[in-house]
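>>> The following comprises the amino acid sequence and a computationally predicted model.
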Protein chains: 2
Amino acid sequence: MFEAINKNVSKFASFTQGELEQFNSLLKYQKIPKKTYLLQEGEICNFEAYIVKGCIRSYFIDANGFEVILQFGIEDWWVSDIASFNDKKPSKMYIETMEDCELFVLTDTNKEELLHKVPKFERFFRLIVQKNLSATQNRLINTMAKSAPEKYLEFIKLYPTISQRVAQHYIASYLGISAEFLSKIRTKISKQ
Amino acid sequence: MFEAINKNVSKFASFTQGELEQFNSLLKYQKIPKKTYLLQEGEICNFEAYIVKGCIRSYFIDANGFEVILQFGIEDWWVSDIASFNDKKPSKMYIETMEDCELFVLTDTNKEELLHKVPKFERFFRLIVQKNLSATQNRLINTMAKSAPEKYLEFIKLYPTISQRVAQHYIASYLGISAEFLSKIRTKISKQ
DNA sequence: CCTGTGCATTGAACTAGTTCAAGAAAAAAT
DNA sequence: ATTTTTTCTTGAACTAGTTCAATGCACAGG
């Protein structure tokens, strides 16, 4: 049951069996049906969740009422609203399952307890946040510097599984372009 | 000499005098003239630098040869290319002083030594990376969801000192719009 | 089996922002 | 003080991407 997640954390730092057991005891296993919110705008995000199975999106609503997807999450990824989680402030975001999901949920209090009992986890969390930051910066660079077709090609290259798993208009929303324009890009690409 | 930087790290975790002294002994104080590169594309970034005095920008060159500014840094900020620093891979970025600067440079080896000697710094670095991630996500959200005038107004609100300190075309580059368009936005705003 | 609801496609009109070019103003260098 | 360089402004022509509206498609639910 805990194999995958233990392997995940062990990629970043080495833990003893006992440490992993302490970690595991602080996780809550949850099955969540499709189209369920883990977090809604205005709430304070008090968890980080490891995705055992399923697909999740986090998005916000912009000034014109449009959904803008910030991140997709699939198996072996962590999801949270880090801004809200860190500062205990109301979230601007929605986190919603797109498929039936199985998660390991780590609440903020359990995370603090874990860090207290097994300080080596500080390193683990620092490293995954760093990785996340580096990915987010890369996304920012792409968003700012690339044309819509380039962004789309980069996306399917970087996330081939996700691009086959979610509806196109979600991908458009992630790329920050209209669903119609993505459709036009795709027909143009396929004609070559 | 170390007052400001020690105050900076103490905001995130509490350290004893001895721990701070160990930290300080691993920093290298440097005066760098204006328009000097701390990092250039292709190099591996092996430092994080705390800005005692001065102003720095980090930018990359996009596919059309344009500079796109990712971040400004001023007094009491840390600068680095985290993607390159973490993974020891060649950077896509340039980090350049925009004024004469005074820095405390922490090299990667010194950082590892620090983390080894004073593990509590794991927490400090985790927390600043989290803060950075949260700011970068916010920047991504603004970049994707706001119009150019909104981005500009948000920028001068968020960074009033920076907006008075650097040339406008740098701000345009940060906002991802052309310098001409920023000028037009500004005249339009001032007419109201 | 049909029927509704969400998804993808296409075209036409539109708009936010770009590009190019030229000139004015300000700052830096000599 | 004058020249050189950099920054800022303005207008006209352009383009990448949006918006709106209509149409076809697919597949989940009764």
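Everything's here; your move.

>>> distance between stretch A:129-142 and the chain's centre?
12 Å (CA atoms, centre = their mean, to the nearest Å).

>>> buried ones in the longest helix anywhere in chain A?
Secondary structure of chain A per DSSP state H: the longest helix is helix A:120-145. Buried residues in helix A:120-145, counted by 16 or more other CB atoms under 10 Å in any protein chain shown: A:120-134, A:136-137, A:139-145. For every residue, glycine as well, the C-beta is placed using N, CA and C.

>>> And the strands in chain A?
Along chain A, the segments classed as strands by DSSP state E run A:28-32, A:37-39, A:47-53, A:56-61, A:67-73, A:78-79, A:93-97, A:101-107.

>>> I'd like to know which of those is closest to residue B:101.
Closest of the strands of chain A to residue B:101 is strand A:67-73, at 33.7 Å (criterion: CB to CB).

>>> Please enumerate residues in contact with that closest one?
Strand A:67-73 has contacts (CB atoms under 8 Å, 6 or more residues apart in numbering or on different chains) with A:51, A:55-62, A:79, A:93, A:159, A:162, A:166, A:170, A:173-174, A:176, B:137, B:140-141, B:144-145.

>>> next one: stretch A:31-46
With CB under 8 Å, 6+ apart as the criterion, stretch A:31-46 contacts A:47, A:49, A:54, A:56, A:58, A:60-61, A:79-82, A:84-85, A:88-103, A:107-109.

>>> Count residues in the vicinity of residue A:64, would you?
Counted with other CB atoms under 10 Å in any protein chain shown, the neighbours of residue A:64 add up to 7.

>>> How about residue A:163?
Under the neighbour criterion other CB under 10 Å, residue A:163 is assigned a count of 17.

>>> Mind pulling the model confidence for the nearest residue to it once chain neighbours are set aside?
Closest residue to residue A:163 apart from its sequence neighbours, by CB to CB, 6 or more residues apart in numbering or on different chains: residue A:156 at 4.5 Å. Note on residue A:156: pLDDT of 95.

>>> Just the buried ones among the contacts of strand A:67-73, please.
A:51, A:55-60, A:79, A:93, A:159, A:162, A:166, A:170, A:173-174, A:176, B:137, B:140-141, B:144-145.

>>> Check the residues you listed one by one and keep those near DNA strand D.
With CB under 7 Å from any atom of the strand as the criterion, the buried ones among the contacts of strand A:67-73 include residue A:176 near DNA strand D.

>>> Which single residue of chain A ends up nearest DNA strand D?
Distances between chain A and DNA strand D by CB to the nearest atom of the strand are smallest at residue A:181, namely 3.2 Å.

>>> so what's that residue up against?
A:148, A:172.

>>> Which pLDDT value goes with it?
97.

>>> if I look at it, how far off is DNA strand C?
Distance, residue A:181 to DNA strand C, using CB to the nearest atom of the strand, to the nearest Å: 8 Å.

>>> and chain A, which residues reach DNA strand D?
Chain A has residues A:64, A:147, A:148, A:149, A:176, A:177, A:178, A:180, A:181, A:184 near DNA strand D, with proximity defined as CB under 7 Å from any atom of the strand.

>>> let's see 6 Å
A:147, A:148, A:177, A:178, A:180, A:181 (CB under 6 Å from any atom of the strand).

>>> All set now, cheers.
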